[in-house]
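*Asks:* predicted model and sequence follow; I will ask about them next.
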Amino acid sequence: MTDSSGPSPEPATEPLRGRIGALRGAVTFLTRIPVPGGRRSDWHDFRAAPWTIPAVGWVLGLPLAALVLVAGRGSVPWPTVVAGYLCLLYVLSGVTHADGLADLGDAVAAHDPDRRRAVLADADLGVGGVLALGVTLLALTLGIAAVALPTMPPAVAARIVLAAEVGAKLGMALSACFGTAAHEGLGSGLTDPATPADALPAVTVALPVLIGVPEGALPVVLAALCAGPAVAIWVVIRTRTWLGGVSGDVFGAVNELGRALALHAGVIAWTIA
């Protein structure tokens, strides 16, 4: 007689394997960080797990926050901190999301939905894209410059940077959970498997940013964390009119805009606290 008293390992190992695959897929898709042991199923596992997007925010945010913390405690001049932050950010994350922001800027500059969708498919960079990318990069630079000033305690500055990155990625996850795709493509690849119920695990992954914040800084970190989701809600609502729904470029724009505004939200909250 076969002993069936012990549970089969498959029910435990298969979900775990899927979660690991989803994380690998998320890091591979959202960053330039090399991930060993990739599988063909990683992309599909990632699509079905929006919670992995804010998890990638932790992967990117922790080294960025560490840079700001170490530089602040070592009294590194703030222009050097700004340059180091920008270089490390785009080395780790790449420029794919920035490209999406530029494409969306070109599309919004057009005056009718059909023309906007055609512009999204055009690889050429126009005035709208240059303006959107330039203003957002300037906002990001000024935001991290304000965070890196000597008047900001290094521990608070580092937590703002971390919350900004996690919040920007949470905004992307919420765009997948609550948005509808404008057409078949990358946008539908992320929105179709996601449901509003998937938003709760994504929020759960992001909320630990609020644990152990320096005394008096909880509203500051909360403001930085919430900026990304606020941007996502606004962009998802507006793109229903502009484009008929979200696309891959919209996800990139949500990330870039959310990060830049989150830094400013944290600084403003610290100023008025």
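*Replies:* All right, it came through fine.
*Asks:* any idea which element the residue positioned nearest the centre of the chain lies in?
*Replies:* The residue lying closest to the centre of the chain (C-alpha atoms, centre = their mean) is Lys169, at 2.4 Å. Using DSSP states H and E, Lys169 falls within helix 154-178.
*Asks:* give the contact list for the residue nearest to the centre of the chain.
*Replies:* Leu30, Ile53, Pro54, Ala55, Val56, Gly57, Leu60, Ala206, Gly228, Asn255 (C-beta atoms under 8 Å, 6 or more residues apart in numbering). For glycine as for every other residue, the C-beta is placed from the backbone atoms N, C-alpha and C.
*Asks:* of these - the most surrounded one?
*Replies:* Tallying neighbours with other C-beta atoms under 10 Å puts Gly228 at the head of those, with 34 neighbours.
*Asks:* per-residue pLDDT of that residue, please?
*Replies:* The model reports Gly228 with a pLDDT of 97.
*Asks:* now it: how far from Ile20?
*Replies:* Distance, Gly228 to Ile20, using C-beta to C-beta, to the nearest Å: 25 Å.
*Asks:* and the helix holding Lys169, how far from the chain's centre?
*Replies:* 6 Å (C-alpha atoms, centre = their mean, to the nearest Å).
*Asks:* give me the mean pLDDT for it.
*Replies:* 97.
*Asks:* same check, this time on stretch 51-65
*Replies:* Stretch 51-65 comes out at a mean pLDDT of 98.
*Asks:* related to what we said a few turns ago, of the contacts of Lys169, closest to Cys87?
*Replies:* When those are ranked by distance to Cys87 (C-beta to C-beta), Leu60 comes first, at 13.4 Å.
*Asks:* may I ask which helix or strand of the protein has the lowest mean pLDDT?
*Replies:* Sorting the helices and strands of the chain by mean pLDDT, DSSP states H and E puts helix 113-120 at the bottom, at a mean of 63.
*Asks:* what does the following helix or strand past that helix rub up against?
*Replies:* The helix or strand immediately downstream of helix 113-120 is helix 127-148, counting by DSSP H and E. Residues outside helix 127-148 that contact it (C-beta under 8 Å, 6+ apart): 68, 71-72, 78-79, 81-82, 85-86, 98, 101-110, 152, 157, 160-161, 164, 253, 256-257, 259-264, 266-267.
*Asks:* tell me which element the residue nearest to Ala181 when sequence neighbours are not counted is part of?
*Replies:* Closest residue to Ala181 apart from its sequence neighbours, by C-beta to C-beta, 6 or more residues apart in numbering: Ser188 at 3.5 Å. Here Ser188 sits within helix 186-191, counting by DSSP H and E.
*Asks:* re earlier: verify the stated contact: the residue nearest to Ala181 with Ala176.
*Replies:* No - contact criterion C-beta atoms under 8 Å: Ser188 and Ala176 do not qualify, at 10.3 Å.
*Asks:* more neighbours: which of the two?
*Replies:* When Ser188 and Ala176 are compared on other C-beta under 10 Å, the one with more neighbours turns out to be Ala176, at 27 against 17.
*Asks:* just the ones of the contacts of helix 127-148 in helices?
*Replies:* Taking DSSP state H as the definition of helices, those contribute 68, 71-72, 78-79, 81-82, 85-86, 98, 101-109, 157, 160-161, 164, 253, 256-257, 259-264, 266-267.
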